[in-house]
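Engineer: what's the 3D shape of this:
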Amino acid sequence: MKFRCACISLLLLFGLSQCSQTTEKLPYIGEPETVTNLVDGNEVTGRGYPVIPAFSFINQYGKTVTQQDFDGKIYVADFFFVTCPTICPIMKKNLLEVYKKYKDSPDVRILSHTIDPDHDTPVVLGEYVRELGITGTMWQFVTGDREKIYDIGENHYLVTAGKDAKAPGGYIHSGAFVLIDREKHIRGMYDGTTQEGTQKLIRDINVLRQEYE
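Structural biologist: I've put the predicted structure just below:
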């Protein structure tokens with residue numbers, strides 16, 4: 001009888017452990033807003049969390065990159081500039097860990113936006129990428145219209161991105177890595193200048209992937 005009770009207790013404990021692993025979900029970042037979606041050809045309005053809007057930029061290969069390239073993908077977004085003398089080298093070193101871990105995973109991407117598009121042309125970005133040892137399109141570096149980059153950074157990814165004559169290098173930006181889900185909601189923000197923040201990001205990418213299994 002004692003053995004039977006012990007077995008039942010172990011099974012219950014195992015079951016609870018399995019449930020806790022499979023039901024963990026990341027929070028949504030941002031205030032809920034009124035959204036309108038098409039459902040079976042009809043417009044349906046309700047409350048929902050904000051999503052990253054449509055965008056169009058140019059990557060390190062001179063190719064156009066839009067939000068459609070990230071449909072059905074989990075991705076990490078950040079903002080930087082090639083000549084950044086402060087936090088960018090640290091951020092890129094940390095993001096390389098994410099790149100190496102997921103470079104062969106078809107459902108994970110990285111999107112880095114330059115905040116100095118006048119200098120950071122596709123050619124400059126291409127050279128920068130080669131120096132980092134990055135190949136393929138898993139990690140894309142994009143440039144484009146300055147105001148559109150700043151707008152999507154500050155108003156949609158919820159980070160700081162812009163010119164600042166007093167800042168080192170003439171630009172100011174957040175050191176944040178922003179985790180985006182397949183529906184383009186923000187699901188996490190991490191300190192990209194620390195190992196702790198980077199490891200938390202990797203952990204949460206795995207949690208988010210499990211949500212779709």
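Engineer: C-alpha from now on. contacts and neighbour counts both.
Structural biologist: Noted.
Engineer: Mind listing residues that contact stretch 143-159?
Structural biologist: Taking C-alpha atoms under 8 Å, 6 or more residues apart in numbering as the criterion, the residues outside stretch 143-159 that touch it are 50-53, 56-59, 79, 113-117, 120-122, 160-162, 173-174, 176, 178, 186.
Engineer: of those, buried ones?
Structural biologist: Buried by 16 or more other C-alpha atoms under 10 Å: 50-52, 56-59, 79, 113-117, 120-122, 160-162, 173-174, 176, 178, 186, out of these.
Engineer: Which ones among the contacts of stretch 143-159 lie within strands?
Structural biologist: Using DSSP state E, the members of the contacts of stretch 143-159 that fall in strands are 56-59, 79, 113-114, 161-162, 173, 176, 178, 186.
Engineer: Considering those, which is situated nearest to Glu31?
Structural biologist: Comparing the ones in strands among the contacts of stretch 143-159 against Glu31 with C-alpha to C-alpha places Ile186 closest, at 10.8 Å.
Engineer: List the contacts of the closest one.
Structural biologist: Applying C-alpha under 8 Å, 6+ apart, the residues near Ile186 are 28-30, 50-52, 157, 178-180.
Engineer: in this protein, which spans are helices?
Structural biologist: Per DSSP state H, the chain has helices spanning 2-23, 88-102, 122-132, 146-155, 195-211. These are given in chain order.
Engineer: Give the rounded mean pLDDT of the longest one.
Structural biologist: Per-residue pLDDT values across helix 2-23 average out to 44.
Engineer: cool, and the second one?
Structural biologist: Averaging pLDDT along helix 88-102 gives 97.
Engineer: and the residue nearest the centre of the chain, what does it touch?
Structural biologist: By C-alpha atoms, centre = their mean, the mean C-alpha position of the chain lies nearest to Val76, the distance being 1.8 Å. Contacts here follow C-alpha under 8 Å, 6+ apart; on that basis Val76 touches 109-111, 177-180.
Engineer: That's all I had, so thanks and see you.
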